[in-house]
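1. Sharing a sequence plus its predicted fold:
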Amino acid sequence: MYQRIGVVGLGYVGVTLAAALAAKGYEVHGVDTQPQVRESLRAGRVHVFEPGIEEVFAAHVGRSLLIEEELPSDLDAVVLCVSTPVDETTRRGRLEHLAAAAEAVARRCRPETLVVVRSTVPVGVSRRVVLPPLARAWGQVRLVMAPERTIQGQALRELVDLPQVVGGLDAASLEAGLAFFGGLARELVPVSSLEAAELVKLANNCHTDLIYSFGNELALVAENHQLDPLEVIRAANLNYPRPDLSKPGYVGGGCLSKDPYLMVESAGQRTPLLVNAARQLNEDLPVHVAENVVELIRQTCPRLAGARLAVLGWAYKGWPPTDDMRGTPIATMMPIFRAAGLEVVGHDPMVSGDVIRRYGGEPTSLDKAFGEADAVLVLTDHPDYRSLPVGALLAGTSVKVLFDSWRVLDEGEVRAAGIRYAGIGYRIPKADTTAVTA
């Protein structure tokens with residue numbers, strides 16, 4: 001029944017879905033408005049990192065996976081995966097890309113085409129923004145909302161293994177949506193409406209943001225009492241039959257840094273207290289850490305201005321590995337480092353040197369990062385950093401302080417080298433000055 005599928009928007013969500021559908025045997029027509037994206041994908045160069053996706057493109061692009069500027073007219077289903085960013089001033093979702101995509105589908109496709117909203121949106125947007133142009137053009141519409149809930153680095157597997165939530169405009173739409181996704185996902189979860197499916201996605205991501213924020217809140221309380229937050233969390237979780245506490249750490253990415261604002265928008269006149277507070281705390285953490293790093297350098301180095309800081313990990317997370325810079329903590333930290341006069345060099349196993357330069361750092365190797373820096377800041381828990389022989393790397397270096405955000409390095413080896421060690425939740429006494437300040 002469903003064989004020819006259109007995917008509108010070939011960012012992370014769209015390109016992984018297109019690959020997964022092609023791997024399942026569908027004929028996929030991927031559409032994107034950016035010429036450079038189309039050109040790259042046609043050549044088999046995928047612009048996002050995702051394990052296995054380049055192999056899928058190598059096997060299918062130009063054959064059952066076609067990259068096009070416009071949708072063909074005779075499609076069985078079209079999936080809208082366009083971006084819905086949050087306006088930096090109003091903190092409300094920008095829906096112009098979704099509205100334009102809906103207009104294009106109404107213009108190019110036929111009433112029998114199943115239309116799937118996969119973009120994350122405030123509750124009510126599928127009905128309010130996507131439905132009207134389709135209804136005007138076609139009269140009868142088959143429309144579903146089927147949120148994407150994968151994690152970067154596991155998307156191709158999770159598109160098959162995760163339960164797929166589907167909400168329909170009506171019973172016929174829901175039946176069609178379940179039939180379509182039944183060819184991809186192993187388990188389907190029908191819900192009663194478009195709006196219920198929209199809220200499922202926001203609920204998942206806001207809950208994740210909230211869980212992580214509690215770990216960060218706990219770390220800040222522990223810091224105030226000079227306690228190790230990881231010791232407290234390990235003891236609290238060990239063999240305790242209640243939900244585990246999360247380790248402290250940065251919370252970014254394209255979803256968790258955006259979706260709480262879409263939840264707030266969905267709440268109308270009632271501002272969600274928990275969602276707002278959790279997002280604010282998670283956004284404040286990189287500022288707090290950057291200020292602590294500057295203070296540590298002030299205390300341990302002969303001078304602050306001109307001191308060299310090596311930052312390891314520029315993507316928003318290290319595990320699963322990604323090159324995604326959306327919501328990366330370094331974007332918030334760099335203005336603080338620049339104001340302090342620090343010279344910042346950077347390394348990331350996944351992020352290119354050009355991107356590091358774009359964010360204000362100078363690319364460097366791991367050996368040089370440790371060998372030529374006054375201080376080292378580890379921002380992600382990438383596996384390459386977990387396995388570092390940190391004692392050997394620090395031997396004979398000029399490094400005075402190492403801030404290990406995710407506590408992935410051997411603290412004992414760092415301290416044995418005579419280097420000051422700190423992490424999220426470590427108190428940095430302002431009076432502990434052992435060097436001349438800038």
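-> Received, thanks.
2. which residues in the protein form strands?
-> Counting by DSSP state E, residue ranges of the strands within the chain are 4-8, 27-31, 65-68, 77-80, 114-117, 142-145, 164-168, 188-191, 308-312, 343-347, 362-363, 375-378, 401-404, 420-422.
3. would CSV of those with distance to Thr322, mean neighbour count and mean pLDDT be doable?
-> In this view, the C-beta of every residue, glycine as well, is placed from N, C-alpha and C. Converted to CSV, the strands of the chain look like this (distance: least, C-beta to C-beta, whole Å; neighbours: other C-beta atoms under 10 Å; pLDDT from 0 to 100):
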stretch, distance to Thr322, mean neighbour count, mean pLDDT
strand 4-8, 21, 25, 99
strand 27-31, 21, 24, 98
strand 65-68, 22, 20, 98
strand 77-80, 22, 26, 99
strand 114-117, 25, 28, 99
strand 142-145, 26, 27, 99
strand 164-168, 22, 25, 99
strand 188-191, 27, 16, 99
strand 308-312, 15, 26, 99
strand 343-347, 15, 22, 98
strand 362-363, 18, 16, 98
strand 375-378, 16, 26, 98
strand 401-404, 20, 24, 98
strand 420-422, 26, 20, 96
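4. need the ones you listed in a markdown table with distance to Arg136, can you?
-> Formatted as a markdown table, the entries for these read as follows, by distance: least, C-beta to C-beta, whole Å:
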| stretch | distance to Arg136 |
| --- | --- |
| strand 4-8 | 19 |
| strand 27-31 | 21 |
| strand 65-68 | 25 |
| strand 77-80 | 17 |
| strand 114-117 | 14 |
| strand 142-145 | 13 |
| strand 164-168 | 20 |
| strand 188-191 | 26 |
| strand 308-312 | 52 |
| strand 343-347 | 51 |
| strand 362-363 | 52 |
| strand 375-378 | 54 |
| strand 401-404 | 57 |
| strand 420-422 | 60 |
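5. of all these, which lies closest to Gly44?
-> Nearest of these to Gly44, taken as C-beta to C-beta: strand 65-68 at 9.9 Å.
6. packing partners for that closest one?
-> Using 3 or more C-beta pairs under 8 Å, 6 or more residues apart in numbering; DSSP states H and E as the contact criterion, the elements in contact with strand 65-68 are helix 12-23, strand 27-31, helix 35-42.
7. Quick one: residues in contact with that strand.
-> Applying C-beta atoms under 8 Å, 6 or more residues apart in numbering, the set of residues contacting strand 65-68 from outside is 10, 18-19, 22, 27-32, 38, 41-42, 56-57, 61.
8. what do you get for stretch 223-240?
-> Residues from elsewhere that reach stretch 223-240, judged by C-beta under 8 Å, 6+ apart: 215, 218-219, 222, 244-248, 407, 424-427.
9. how about that stretch as CSV, C-alpha atoms only?
-> Output for stretch 223-240, consisting of C-alpha atoms alone and laid out as CSV, is shown next (Å, rounded to 0.1, in the frame of the first residue of the first chain):
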residue,chain,number,x,y,z
GLU,A,223,29.4,22.1,46.0
ASN,A,224,28.2,24.4,48.7
HIS,A,225,29.0,21.8,51.3
GLN,A,226,32.3,20.6,49.7
LEU,A,227,30.8,17.2,49.1
ASP,A,228,31.3,14.9,46.1
PRO,A,229,28.0,14.8,44.2
LEU,A,230,28.9,11.5,42.5
GLU,A,231,29.5,9.9,45.9
VAL,A,232,26.1,11.1,47.0
ILE,A,233,24.4,10.0,43.8
ARG,A,234,26.1,6.5,43.9
ALA,A,235,25.0,6.0,47.5
ALA,A,236,21.5,7.2,46.8
ASN,A,237,21.0,4.9,43.8
LEU,A,238,22.7,1.7,45.1
ASN,A,239,20.1,-1.0,45.4
TYR,A,240,17.4,1.6,46.0
